[in-house]
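Q: Sequence plus the predicted model coming up.
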Amino acid sequence: MNTYGLARKVLGCVLLGMSLTAWSTSGHADETDGGYEGGRGLITLEGPSGMFINPTSGTIPKKASTIQYCVFFPNNKSDVVGHGLMGAYGITDDLEVGLIGTYVDIDQGSNLDGGGPLIRYRIVKDEKWPQISVGGYSKFGDDPVKKYGLFGAAYKRFPIDEEGTLRSVGIHAGIKNLWLDSSLPEDTTFSGYFGGEFQFPLRVYLVGEVQTKDSDVNAHVPYAFGLQWRARGIAISTAGIQNGNLDDPSFYFGIGYGHQF
């Protein structure tokens, strides 16, 4: 398979991601949302913030802004390198709007790119019942990266010891439907996903997730594992990601900064 074909296969179903946050995504008391812990993650392969592959239910606080950037090396090589960008703004604590974009550098000569809007609305906060949100996003551009997605996600946090080594455990679950580039073997795919995050001191989170496999799109079961540091004004993430079409889990890294109005 030539390099362009590899890029289509590997990147046709994903937005590449690395993280940049505009506030403390971990939901501590220095946030405007009343110190609410909403399981707010970082930019994902799908674009909206979440775990490493899939979006989750956390929305950014009212009047918070974020811009996020990524780099991803499929199969841990440099012949195809993906870059992702996300920007979002909290209209209210429950409503987030923004933009996502992707740029794929192939053999340091050719490229693929695309971008479009995103929106997420939080229906229920994580109080008596789990947090529940719905959202949508799209990318317009070159066929291999073109997609439209809808998702629903839920989150529940279980405090362990707020001053201890393991502060809390969070559980994520969701479903998504994607409309992909029509040249792919399957141009529509539906999947479910599940993940967990373990909170440690200094706002460090150990995050893992797994997604159901679509045999028409994925050669392997998609999964990811890594660390997220969700500090105030800055966030860093690093992970190994198997998006379903890679030979091995591949390296992902990100860093960024943002602002609270």
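A: Good, I have the coordinates.

Q: what helix or strand is residue 257 on?
A: According to DSSP states H and E, residue 257 maps onto strand 250-260.

Q: Which neighbours in the sheet does that strand have, and how are they oriented?
A: Looking at strand 250-260 with DSSP bridges, its partner strands are strand 64-73 (antiparallel), strand 234-242 (antiparallel).

Q: Select, out of those strands, the one closest to residue 127.
A: strand 64-73 (20.4 Å; Cβ to Cβ). C-beta coordinates here come from the backbone N, C-alpha and C atoms, glycine included.

Q: Quick one: mean pLDDT over that closest one.
A: For strand 64-73, the mean per-residue pLDDT is 90.

Q: same check, this time on stretch 169-176
A: 97.

Q: And for stretch 51-59?
A: Average pLDDT, stretch 51-59: 94.

Q: Let me have the strands paired with strand 250-260 in JSON lines, extended by distance to residue 164 and mean neighbour count.
A: JSON lines is the format used below for the strands paired with strand 250-260 (distance: least, Cβ to Cβ, whole Å; neighbours: other Cβ atoms under 10 Å):
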{"stretch": "strand 64-73", "distance to residue 164": "28", "mean neighbour count": "23"}
{"stretch": "strand 234-242", "distance to residue 164": "23", "mean neighbour count": "22"}
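
Q: Could you export these as CSV, including distance to residue 218?
A: CSV is the format used below for the strands paired with strand 250-260 (distance: least, Cβ to Cβ, whole Å):
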stretch, distance to residue 218
strand 64-73, 17
strand 234-242, 9
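
Q: closest one to residue 171 among the ones you listed?
A: strand 234-242 (18.5 Å).

Q: send the alpha carbons of that closest one over as CSV?
A: The C-alpha atoms that make up strand 234-242 are tabulated as CSV, following Å, rounded to 0.1, in the frame of the first residue of the first chain:
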residue,chain,number,x,y,z
ILE,A,234,-2.3,24.4,30.9
ALA,A,235,-2.7,20.7,30.2
ILE,A,236,-0.5,18.0,28.8
SER,A,237,-1.5,14.6,27.6
THR,A,238,0.4,11.6,26.3
ALA,A,239,-0.9,8.2,25.2
GLY,A,240,-0.6,5.1,23.2
ILE,A,241,-3.5,4.8,20.8
GLN,A,242,-4.8,2.0,18.6
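
Q: So which residues make contact with that strand?
A: 18-21, 25, 42, 45, 52-53, 72, 207, 220-229, 248-257 (Cβ atoms under 8 Å, 6 or more residues apart in numbering).

Q: What subset of these is buried?
A: Buried members of the contacts of strand 234-242, scored by 16 or more other Cβ atoms under 10 Å, are 18-21, 25, 42, 45, 52-53, 72, 207, 222-226, 228-229, 249-252, 254-256.

Q: now this structure, which segments are flagged as low pLDDT?
A: Under the criterion pLDDT under 70, the flagged ranges of the chain are 1-34, 108, 182-186, 258-259.

Q: Which residue ranges of it form helices?
A: 3-11 (DSSP state H).

Q: The residue most central in space within it - nearest residue in space that isn't next to it in sequence?
A: The centre of the chain sits closest to residue 44, judged by Cα atoms, centre = their mean, with a distance of 1.8 Å. Spatial nearest neighbour of residue 44, chain neighbours left out: residue 50 (4.5 Å); criterion: Cβ to Cβ, 6 or more residues apart in numbering.

Q: again with residue 218
A: With Cβ to Cβ, 6+ apart, the residue lying closest to residue 218 is residue 244, at 3.2 Å.

Q: And for that neighbour, the neighbour number?
A: If you count neighbours by other Cβ atoms under 10 Å, residue 244 ends up with 20.

Q: what lines up beside the strand ranked longest in the chain in the sheet?
A: Longest strand of the chain, by residue count under DSSP state E: strand 110-124. Sheet pairing for strand 110-124, assigned by DSSP bridges, gives strand 95-106 (antiparallel), strand 131-141 (antiparallel).

Q: Buried residues, the shortest one. List them.
A: In this case it means strand 131-141. In strand 131-141, counting by 16+ other Cβ under 10 Å, buried: 131-133, 135-139, 141.

Q: Need the residues that contact it.
A: Contacts of strand 131-141 (Cβ under 8 Å, 6+ apart): 15, 38-39, 46-48, 55-59, 100-102, 112-125, 145-156.
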